[in-house]
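Novice: I would like the atomic coordinates for the input below:
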Amino acid sequence: MLGCAGLAMLLLHRTRTGHRIYAIGGDRNVARMSGIHVKAPVIAAHVICSVLAGMAGHLLASRLGVGSPTGGSQGGYDLLSIAAVVLGGTLLSGGKGTISGTLGGVLIFAMLDNVMSVLQINPFLKDVVRGIVIVAAVAVYARRSIVVRPRRFGPAGGEPVRAGGGAA
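Specialist: Now for the predicted structure:
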């Protein structure tokens, strides 16, 4: 996993294709109007994603000992993977996100699962704890974007302005 993450970081930060993938992820139309040929990076991203998904399927099959088409969704891996990405700071609306942040989200959930397994916590309670962690992360992110700050320009001692604009 760390090897794949390292290669993906090199691809995204050190190659033209990686920069184009970031640009297209931010806004496809703006990237196209900026002169980026959109089709090739999108196809490359899909191929890379498919290869990595195939590798993940092989690892899951080796872990479970059987190849089951519903093993990922029944094991809760689909929701857990999305939660780890969001916890790592990636916006689901696109445009922002890092592999290191996603690895941080995965690490948080792995540590949480290990601690709860050692403490022999009920598996149903594990889902509740994961949900609380996700809600707390979303609340912290929402609070961070609504921070009140003083007005930069205009009359001195003016009213504070919310991050989204307008007076508080």
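Novice: Please, which helix or strand holds residue 90?
Specialist: Under the criterion DSSP states H and E, no helix or strand holds residue 90.
Novice: how near is it to residue 98?
Specialist: 8 Å (Cβ to Cβ, to the nearest Å). Every C-beta, even on glycine, is put in place using the N, C-alpha and C of the backbone.
Novice: out of these two, which sits in the busier spot?
Specialist: residue 90 (19 against 14; other Cβ atoms under 10 Å).
Novice: My read is that that one contacts residue 103, right?
Specialist: No - applying Cβ atoms under 8 Å, one finds residue 90 not in contact with residue 103, separated by 11.4 Å.
Novice: Walking through the protein, point out its helices one by one.
Specialist: Applying DSSP state H to the chain gives helices spanning 2-14, 16-26, 28-33, 39-64, 71-74, 77-87, 99-118, 123-145.
Novice: Distance of residue 84 relative to residue 115?
Specialist: 16 Å.
Novice: er, residue 2 actually
Specialist: 22 Å.
Novice: Next: residue 16.
Specialist: For residue 16, the distance to residue 115 - Cβ to Cβ - is 43 Å.
Novice: With residue 132 instead?
Specialist: Taken as Cβ to Cβ, the span from residue 132 to residue 115 is 14 Å.
Novice: neighbours around the closest residue to residue 113 other than its chain neighbours, how many?
Specialist: Counting by Cβ to Cβ, 6 or more residues apart in numbering, residue 113 lies nearest to residue 126, which is 7.0 Å off, once chain neighbours are set aside. By other Cβ under 10 Å, the residues close to residue 126 number 15.
Novice: now residue 109
Specialist: 19.
Novice: Might you report the residue contacts of the residue lying closest to it once chain neighbours are set aside?
Specialist: Leaving aside its sequence neighbours, residue 109 sits nearest to residue 84 (Cβ to Cβ, 6+ apart; 5.3 Å). Residues in contact with residue 84, defined by Cβ atoms under 8 Å, 6 or more residues apart in numbering, are 102, 105, 106, 108, 109.
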